[in-house]
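*Asks:* take this sequence and fold it.
(one chain, ligands or ions: 1)
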Amino acid sequence: MVKKVGVITAGGDCPGLNAVIRGIVKTAEYAGVETYGFLEGYKGLLENRYIKLDPKITNGIISKGGTILGSNNKTNTFAIPVKNENGETEYVDKSVEIAERLKKDGYDCLIIIGGDGSLKSARDYTRRGINVIGVPKTIDNDVPHTDTTFGFYTAVEVATEAIDRIRTTAESHGRVLILEVMGRYAGWIALAAGIAGGADTILIPEIPYDLNKVVEKINQRKDRGQKYSIIVVAEGAKPLGGELTVKSTVSDSPDKIRLGGAGDYVAKEVERLTGIEARSTMLGYLQRGGNTGPYDRILSTEYGSMAMQLAIEGKFNEMVTLLNGKITHVPLDEVAGKDTKIGEESSNIKTVDLDGDWVKTARRIGICLGD
Ligand code: F6P
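*Replies:* The predicted structure is shown next:
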């Protein structure tokens with residue numbers, strides 16, 4: 001019988017996190033399970049900082065973006081940097097200690113809500129004897145073994161509205177307007193929002209782009225009397241034979257590079273090659289903040305409730321998932337991929353399927369994908 005469950009929201013925040021927490025807590029209440037939320041992701045787990053969760057706390061949070069527990073995308077409890085006596089940084093694995101403490105404190109299970117890196121750590125905690133259930137979170141939609149992560153469709157909604165807004169100014173000035181969206185090394189947000197917003201060109205990491213093709217599309221439109229063009233660029237898009245556009249490098253985070261600037265690069269090159277004025281807008285954190293859309297509220301509630309249900313049934317070490325429209329679950333081992341090394345931040349992301357319907361549709365209606 002499961003009596004006590006810990007909840008963690010890890011990695012970058014994302015619309016729907018609060019709705020997942022609420023789904024967990026409400027389902028737990030009816031089953032008589034106590035829930036505790038660790039604060040600021042794995043950092044709170046490391047420092048044993050938590051709050052008791054109950055329906056009073058989760059009241060009214062279904063619509064609210066962000067996470068009432070706070071999050072953190074820097075702490076890898078399997079490799080905590082500490083200075084040794086020579087002033088050098090060494091990495092210490094704190095997970096064994098943490099697992100012992102969780103067992104001593106009577107936690108029957110941890111529900112870890114996170115993206116691919118956080119879910120890899122979740123899987124690794126199962127190897128420390130902790131019962132874990134994962135929930136796939138990220139606006140990037142790049143977690144494998146699920147049709148959709150929660151947060152994705154809210155981000156797509158924001159990006160689509162941005163394209164709508166960009167269109168009127170592009171049209172008025174006869175410019176090429178570029179919207180750079182998030183997504184890390186996957187082009188899901190760019191592709192979905194690009195199709196929804198009626199973009200002319202969509203550049204995604206999965207297809208290194210040829211600038212000549214981008215220019216061709218702009219000129220084609222010009223020849224048809226359409227003086228403006230809209231290009232959606234994923235932050236991870238790169239030119240054929242070229243590199244990722246890195247905004248900064250970070251030393252204190254598992255993700256060592258921060259992407260940004262791919263849109264500016266495309267704007268500069270397009271202007272140079274066509275002589276048409278081009279402007280770029282980086283949508284940035286607007287995609288992650290604000291209220292959660294209705295679809296994500298439903299999906300998050302389903303995910304949260306199912307995660308707690310799995311805990312109640314003792315079906316541990318699984319990730320809740322949406323497969324062919326059904327809420328179900330897959331082993332965390334499969335999500336973490338073939339890499340079985342404990343504590344390493346390897347990635348097993350789901351990229352855009354180039355034979356999938358979205359890509360096929362985009363091509364059929366003449367959207368340029370840069371190839
Ligand atoms: O993983 C979600 C995401 O929003 C990515 O699309 C983006 O590259 C990244 O997080 C930025 O994260 P942060 O600035 O919080 O480290």
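*Asks:* check contacts around whatever residue of the chain ends up closest to the ligand.
*Replies:* Relative to the ligand, the nearest point of the chain is M182 (3.1 Å; C-beta to the nearest ligand atom). Bear in mind the C-beta positions are built from the backbone N, C-alpha and C, glycine included. Neighbour list for M182: I139, D140, A155, I189, A234, E235, L283, G284, Q287, R288 [criterion: C-beta atoms under 8 Å, 6 or more residues apart in numbering].
*Asks:* narrow these to those in helices?
*Replies:* A155, I189 (DSSP state H).
*Asks:* strands along the stretch 201-350 of the chain, start to end?
*Replies:* Remark: strands assigned in the stretch 201-350 of the chain by DSSP state E, counting those that start in this stretch are 201-203, 229-234, 246-249, 257-259, 278-282, 318-323, 326-331.
*Asks:* contacts for the first one?
*Replies:* Spelled out, it's strand 201-203. Residues from elsewhere that reach strand 201-203, judged by C-beta under 8 Å, 6+ apart: 187, 190-191, 194-195, 209, 214, 217-218, 229-234, 237, 262, 266, 362, 367-370.
*Asks:* now do the fifth one
*Replies:* Under the criterion C-beta under 8 Å, 6+ apart, residues 162, 166, 175-180, 233, 260-261, 263-264, 266-268, 270-271 lie in contact with strand 278-282.
*Asks:* could you give the angle of that strand to strand 229-234?
*Replies:* 40 degrees (axes from the mean of the first three to the mean of the last three C-alpha atoms, to 10 degrees).
*Asks:* can you list the strands that strand 278-282 pairs with?
*Replies:* Sheet pairing of strand 278-282 (DSSP bridges) gives strand 176-181 (parallel).
*Asks:* just how off-centre is the partner strand within its chain?
*Replies:* Relative to its chain's centre, strand 176-181 lies at 20 Å (C-alpha atoms, centre = their mean, to the nearest Å).
*Asks:* same deal with stretch 248-266?
*Replies:* The answer for stretch 248-266 is 15 Å, by C-alpha atoms, centre = their mean.
*Asks:* can you pull the contacts of the residue nearest the centre of the chain?
*Replies:* Taking C-alpha atoms, centre = their mean, the centroid of the chain lies closest to T138, which sits 2.4 Å from it. Taking C-beta under 8 Å, 6+ apart as the criterion, T138 is in contact with G11, G12, C14, G114, G115, D116, T149, G151, F152.
*Asks:* one more time with 10 Å, if that's ok
*Replies:* By C-beta atoms under 10 Å, 6 or more residues apart in numbering, T138 lies in contact with 11-14, 16, 114-119, 149-152, 155, 182-184, 186, 188, 288, 349.
*Asks:* what do you get for T89?
*Replies:* P81, V82, K83, S251.
*Asks:* let's see 8 Å
*Replies:* Contacts of T89 by C-beta under 8 Å, 6+ apart are P81, V82, K83.
*Asks:* so which of those residues sit within strands?
*Replies:* Counting by DSSP state E, the part of the contacts of T89 found in strands is P81, V82, K83.
*Asks:* the second one contacts V92, correct?
*Replies:* Yes. Applying C-beta atoms under 8 Å, one finds V82 in contact with V92, separated by 5.3 Å.
*Asks:* give me the more crowded residue out of the two.
*Replies:* Each of V82 and V92 has its neighbours counted (other C-beta atoms under 10 Å); V92 has more, 13 against 10.
*Asks:* which positions in the protein make contact with the ligand?
*Replies:* Residues of the chain lying close to the ligand by C-beta under 6 Å from any ligand atom are 12, 73, 115, 138-140, 182-184, 235, 258-259, 288.
*Asks:* I57 versus D13, what's the distance?
*Replies:* With distances taken as C-beta to C-beta, to the nearest Å, D13 is found 18 Å from I57.
*Asks:* those two - which one has more neighbours?
*Replies:* Higher neighbour count among D13 and I57: D13, with 24 against 17, using other C-beta under 10 Å.
*Asks:* the more buried one: what's it in contact with?
*Replies:* G65, G66, T67, S71, R288, G289.
*Asks:* which of those residues are buried, as a ChimeraX select command?
*Replies:* Buried residues within those, by 16 or more other C-beta atoms under 10 Å, are selected in ChimeraX with:
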select :65,66,67,71,288
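*Asks:* how about the contacts of D13 in TSV, adding distance to L46?
*Replies:* What follows is the contacts of D13, written out as TSV (distance: C-beta to C-beta, whole Å):
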residue	distance to L46
G65	25
G66	21
T67	17
S71	14
R288	24
G289	26
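*Asks:* and the two most separated of the contacts of D13?
*Replies:* Across the contacts of D13, the longest distance by C-beta to C-beta is 12.7 Å; it joins S71 and G289.
*Asks:* outline the domain layout of this structure.
*Replies:* By the assignment in automatic domain parsing, the chain contains the domains 4-150+292-336, 155-289+354-364.
*Asks:* possible to save those domains as JSON lines with mean pLDDT?
*Replies:* Converted to JSON lines, those look like this (pLDDT from 0 to 100):
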{"stretch": "domain 4-150+292-336", "mean pLDDT": "96"}
{"stretch": "domain 155-289+354-364", "mean pLDDT": "96"}
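*Asks:* tabulate the ones you listed (TSV), appending distance to G343.
*Replies:* Below are the domains of the chain laid out as TSV (distance: least, C-beta to C-beta, whole Å):
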stretch	distance to G343
domain 4-150+292-336	3
domain 155-289+354-364	10
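*Asks:* ok, K120 to P136 distance?
*Replies:* Taking C-beta to C-beta, one finds K120 at 12 Å from P136.
*Asks:* look at these two and report which has more neighbours.
*Replies:* Per other C-beta under 10 Å, whichever of K120 and P136 has more neighbours is P136, with 31 against 27.
*Asks:* can you report phi and psi for the more buried one?
*Replies:* Note on P136: backbone dihedrals following degrees, to the nearest 10 are phi -80, psi 110.
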